[in-house]
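[1] please find the sequence and the predicted model below.
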Amino acid sequence: EAGVTQFPSHSVIEKGQTVTLRCDPISGHDNLYWYRRVMGKEIKFLLHFVKESKQDESGMPNNRFLAERTGGTYSTLKVQPAELEDSGVYFCASSQQDYVSSYNEQFFGPGTRLTVL
Amino acid sequence: AQTVTQSQPEMSVQEAETVTLSCTYDTSESDYYLFWYKQPPSRQMILVIRQEAYKQQNATENRFSVNFQKAAKSFSLKISDSQLGDAAMYFCASLTSGTYKYIFGTGTRLKVLA
């Protein structure tokens, strides 16, 4: 079974440019999450989709970040315009929807390393 | 606020030796999970081991085991018989039961020396 995939693996852009990150979750996983790790810091939650709906975007840094999940399948995270402090590794994760268990294991992708110059 | 602290940015271990990675956490919740994740360079972050807070017995997975000290809020990972493939970034994380926001530490980079 394919895991969570993310594209691109690396992106280097100039300040002020736009970048779009893509995440393909594990097939059948309704839940999709975005996290970010700024260099040397902890991995922090950004937002959570259930199918195509945003359930929680409390971790999004500001309105320069826009996440979408078309048709409840893959998701994109757009940063426009990018700033220096947006540099970091962006992780995507997915999990099944389980209404019985108190714990739904999240499966993580390899991350996209974004560098803003 | 919940926090997870990993005080060792980098650790080294000789192949076949044992190493312990430290993690402390802070939560006011009574029902939660603790995890160790491993991320090899440019690869998926994978779950190494999980501990349910209500279980007193320490979790083990082959060469990986934890020392869960609930009162001290400590959750260290022991890797026995270290192998070159164990070289990776290791993240400690917590999750309150019934929620979905993992709280991660800053990570420990483990180097395995041949």
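    That came through fine.

[2] spell out which residues of chain A are next to chain B.
    Within reach of chain B by CB under 8 Å from any CB of the partner chain, chain A has these residues: A:3-4, A:9, A:31, A:33, A:35, A:37, A:40-45, A:48, A:56, A:59, A:91, A:95, A:102-111. C-betas here are computed from N, CA, C, even on glycine.

[3] report the contact partners of the residue nearest in space to the middle of chain B.
    For chain B, the residue sitting closest to the mean C-alpha position, by CA atoms, centre = their mean, is B:W36 at 3.1 Å. Listed by CB atoms under 8 Å, 6 or more residues apart in numbering or on different chains, the contact set of B:W36 reads B:21, B:23, B:47-49, B:64, B:66, B:75, B:77, B:90-93.

[4] hang on, the earlier thing: what about the residues of chain A next to chain B, which are in strands?
    Among those, the ones falling in strands (DSSP state E) are A:31, A:33, A:35, A:37, A:43-45, A:48, A:56, A:91, A:95, A:107-108.

[5] identify the farthest-apart pair in these.
    Greatest spatial distance among these (CB to CB): A:N31 and A:R37, at 19.9 Å.

[6] and the helix or strand hosting the residue nearest to the centre of chain B with strand A:31-37, angle?
    With secondary structure defined by DSSP states H and E, B:W36 is part of strand B:32-39. Direction vectors for strand B:32-39 and strand A:31-37, defined by axes from the mean of the first three to the mean of the last three CA atoms, to 10 degrees, enclose an angle of 70 degrees.

[7] following strand B:32-39, which helix or strand comes up?
    Taking DSSP H and E, what comes next after strand B:32-39 is strand B:46-52.

[8] where does chain B have low pLDDT?
    Scanning chain B with the threshold set as pLDDT under 70 gives no residue ranges.

[9] near chain A, which residues of it?
    When proximity is defined as CB under 8 Å from any CB, chain B approaches chain A at B:4, B:9, B:31, B:33, B:37, B:39, B:42-47, B:91, B:93, B:95, B:97-98, B:100-107.

[10] could you rerun that using 6 Å?
    If contacts are counted using CB under 6 Å from any CB of the partner chain, the residues of chain B sitting beside chain A are B:Y33, B:S42, B:R43, B:Q44, B:M45, B:S97, B:G98, B:Y100, B:K101, B:F104, B:G105, B:T106.

[11] right, and B:F68 touches B:R50 too?
    No: using CB atoms under 6 Å, B:F68 and B:R50 do not qualify as a contacting pair, with a distance of 10.9 Å.

[12] filter the residues of chain A next to chain B down to the buried ones, PyMOL style.
    Only the buried members of the residues of chain A next to chain B enter the following PyMOL selection, criterion being 16 or more other CB atoms under 10 Å in any protein chain shown:
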select buried, chain A and resi 3+4+31+33+35+37+42+43+44+45+48+56+59+91+95+103+104+106+107+108+109+110+111
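
[13] picking up where we left off before, got the angle between the strand holding B:W36 and strand B:46-52?
    With the same axes, to 10 degrees defining the directions, strand B:32-39 sits at 160 degrees from strand B:46-52.

[14] mind listing the strands strand B:32-39 pairs with, and their directions?
    Strands adjacent to strand B:32-39 in the sheet, as given by DSSP bridges, are strand B:46-52 (antiparallel), strand B:88-96 (antiparallel).

[15] so which of those is the most packed in?
    Ranked by mean neighbour count, the strands paired with strand B:32-39 are led by strand B:88-96 with a mean of 23 (mean count of other CB atoms under 10 Å in any protein chain shown).

[16] contacting residues around it?
    Strand B:88-96 has contacts (CB atoms under 6 Å, 6 or more residues apart in numbering or on different chains) with B:4, B:6, B:21, B:23, B:25, B:29, B:32-40, B:102-105, B:107-110.
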